[in-house]
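Asker: all I have is the shape, not the residue letters:
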């Protein structure tokens, strides 16, 4: 695949049409006013220990790749673009620097994931402090500081994109690794970079660098406010808050804040990422208009999502009430930019959940986690990267032909962030958001507590929690009850709780918790069908709980609704149903290797 196809929607003219029309979403449902309560707090990376092999393998695999990368190779394109000696092997792929680049994958975005790699290493250090990781992060930052030059930003097609990722690596190094020079490096980098960035957010396809070709209009300056706000929160100074406000794209946010859908035709990952900037504008500067924009934008995103929770076929957001999503099942194998898209989705749902305490954001996060990124093929040492999930009727998992694309940067970050997505807190207690075997450690009113979570969820419905307490304390545990749960139950020490256990809410148990207290949560899962959209009711996916069940054998056979709904589990992770022409076997995405599969089925009316 040629890199320009990543932005091919620019050539269709649909983006300009979308800006001009700014269509309202028919039947748009205004969300409830947000709570003025203080947002939920995130726990630290070290506060949560995961016991899920599926999640832990993804972290260890990506971390091993980054730790074994040659530092000279990581710095090579940055040094070359600064006109400096650049020893070491060339990583190739997107990461390669070619001063004569015109088209193709090799040399498309030299150096682009460097900052994300540093960020991921810093997060891995925060999870399990290892002196070798800290030394590598600090060494990379020192070496990077020597390459900072205006030449890099002049030669890059993505100066704002790269600045944004470098910034994140530095503020994560400052906060999580304790690099004493990280903020000074950030200030120097900002001084050098700003003359080479636009003065405000520039949309895709808008030329602002005279004498350059179209590829220089694909930068993403409209996404950088999120990390600028975070820099200001982490002690980098008021300058970064001012810059964050300067790069907010009001032409994008204003229609969204008013409930008008202007997503159609826009690049999917980056514009969902930009909604994270809107959330940080609220969290940092109390900008309630941008909170409305993010909430409304997320609602519009849900209306054009696959059953997996994913969105953006061919990296393009769809028009409301169109055939675009359904048509993608036959006309593309590029259904969802998985590591980057899930990274943006997790951040957005985490911010929205913290602010609103609305459990449906956790439902959405869970659906994307189990049906997309946890089924991604692993990042390999040669830069082979799982980029697109494929929801075509004839789908298959595959690596992107180009090595070291942008998703090689976000996948290690996603693998680290499962921990900060699983639990949240307020002064009165803990919110359990994701159901992953894990242990949370925290201090409540001066006493040490831990909450141990065990299950084989989502393959089974029952979950067990045990409280370990230094001394008895009164606080509240909140458990997310998914909207799909059919008759959920919640027991404390074997007795049914009097708390409301309603699907689509958090069930809250306030009591004096003592050492050894047990909670049992059961979330019954029945198979159900979800149409791809209301215009195509006979194109359906089969789900059980949060899981989409993908057909891996017999998926091209005639099947009825009743036959799909009759699917029964035959092994720990496999379902089977009978069709008119033989059996069909179905499995979750994270159990599929290289066999062909189908996400959707066409059923009789």
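Answerer: Great, that's in hand. Keep in mind the model is a prediction, meaning the values are calculated, not measured.

Asker: contacts only, for the residue nearest to residue 294 when sequence neighbours are not counted.
Answerer: Spatial nearest neighbour of residue 294, excluding adjacent residues (CB to CB, 6 or more residues apart in numbering): residue 278 at 4.1 Å. All C-beta spots, glycine's among them, are computed from the backbone N, C-alpha and C. Residues in contact with residue 278 (CB atoms under 8 Å, 6 or more residues apart in numbering) are 248, 253, 256, 287, 290, 291, 293, 294, 297.

Asker: how about these in TSV, adding pLDDT?
Answerer: Formatted as TSV, those follow (pLDDT from 0 to 100):
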residue	pLDDT
248	97
253	98
256	98
287	96
290	98
291	98
293	98
294	98
297	98
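
Asker: adding distance to residue 373 and neighbour count, write those residues out as CSV.
Answerer: Formatted as CSV, these follow (distance: CB to CB, whole Å; neighbours: other CB atoms under 10 Å):
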residue, distance to residue 373, neighbour count
248, 28, 24
253, 27, 25
256, 26, 26
287, 30, 19
290, 27, 26
291, 26, 22
293, 26, 28
294, 21, 26
297, 21, 27
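
Asker: which ones among the residues you listed are found in helices?
Answerer: Among the contacts of residue 278, the members falling in helices (DSSP state H) are 253, 256, 290, 291, 293, 294, 297.

Asker: wait, doesn't the second one sit right on residue 262?
Answerer: Translated: residue 256. Yes. Residue 256 lies in contact with residue 262 (CB atoms under 8 Å); the separation is 6.6 Å.

Asker: now name the helix or strand holding residue 275.
Answerer: For residue 275, the element it lies in under DSSP states H and E is helix 268-285.

Asker: tell me the mean pLDDT over that helix?
Answerer: The pLDDT scores in helix 268-285 average 97.

Asker: list the buried residues of that helix.
Answerer: In terms of neighbour count (16 or more other CB atoms under 10 Å), helix 268-285 has its buried residues at 268-284.

Asker: and stretch 511-522, by the same measure?
Answerer: Of the residues in stretch 511-522, 513, 517, 519, 520, 521, 522 count as buried by neighbour count, 16+ other CB under 10 Å.

Asker: ditto for stretch 162-182
Answerer: Residues 162-177, 179, 182 are the ones in stretch 162-182 that count as buried (16+ other CB under 10 Å).

Asker: centre of the chain to it, how far?
Answerer: Mean C-alpha position of stretch 162-182 versus that of the full chain (CA atoms, centre = their mean, to the nearest Å) differs by 20 Å.

Asker: now the terminal residues of it, how far apart.
Answerer: 17 Å (CA to CA, to the nearest Å).

Asker: same check, this time on stretch 396-413
Answerer: 25 Å.

Asker: in it, which residues are buried?
Answerer: Here stretch 396-413 shows 397, 399-400, 402-413 as buried, counting by 16+ other CB under 10 Å.

Asker: now do stretch 592-601
Answerer: By 16+ other CB under 10 Å, the buried positions in stretch 592-601 come out as 592, 596, 597, 598, 599, 600, 601.

Asker: can you tell me what sits against it?
Answerer: Residues contacting stretch 592-601 (CB under 8 Å, 6+ apart): 306-308, 329, 375, 391-397, 532, 539-542, 548, 550-552, 555-556, 559, 564.

Asker: and the residue nearest to residue 483 when sequence neighbours are not counted, how far is that from residue 272?
Answerer: Counting by CB to CB, 6+ apart, residue 483 lies nearest to residue 504, which is 4.1 Å off, once chain neighbours are set aside. Computed as CB to CB, to the nearest Å, the residue 504 to residue 272 distance reads 23 Å.

Asker: same question, residue 572
Answerer: Taking CB to CB as the measure, residue 572 falls 34 Å from residue 272.

Asker: kindly report the same for residue 109.
Answerer: 19 Å.

Asker: and the buried residues of stretch 396-413, which two are furthest apart?
Answerer: 397 and 413 (21.0 Å; CB to CB).

Asker: still on that earlier bit, show me which of the buried residues of stretch 511-522 is closest to residue 312.
Answerer: residue 521 (33.0 Å).

Asker: for the closest one, give me its contacts.
Answerer: 462, 463, 464, 465, 479, 488, 489, 490, 491.

Asker: and it, bridged to which residues?
Answerer: Residue 521 has these beta-bridge partners by DSSP bridges: residue 463, residue 490.

Asker: now do it, the pLDDT please.
Answerer: 98.

Asker: before we move on, what about residue 110?
Answerer: 97.

Asker: what's the helix or strand containing residue 59 packed up against?
Answerer: Using DSSP H and E, residue 59 sits within helix 53-67. Packing partners of helix 53-67 (3 or more CB pairs under 8 Å, 6 or more residues apart in numbering; DSSP states H and E): helix 114-127, helix 131-145, helix 407-422.

Asker: might you report the residue contacts of the residue nearest to residue 496 when sequence neighbours are not counted?
Answerer: Take residue 496 and drop its neighbours on the chain: the residue closest to it by CB to CB, 6+ apart is residue 489, 6.6 Å away. Neighbouring residues of residue 489 by CB under 8 Å, 6+ apart: 496, 501, 520, 521, 522.

Asker: gap between the third one and residue 477?
Answerer: The spacing between residue 520 and residue 477, counted by CB to CB, is 13 Å.
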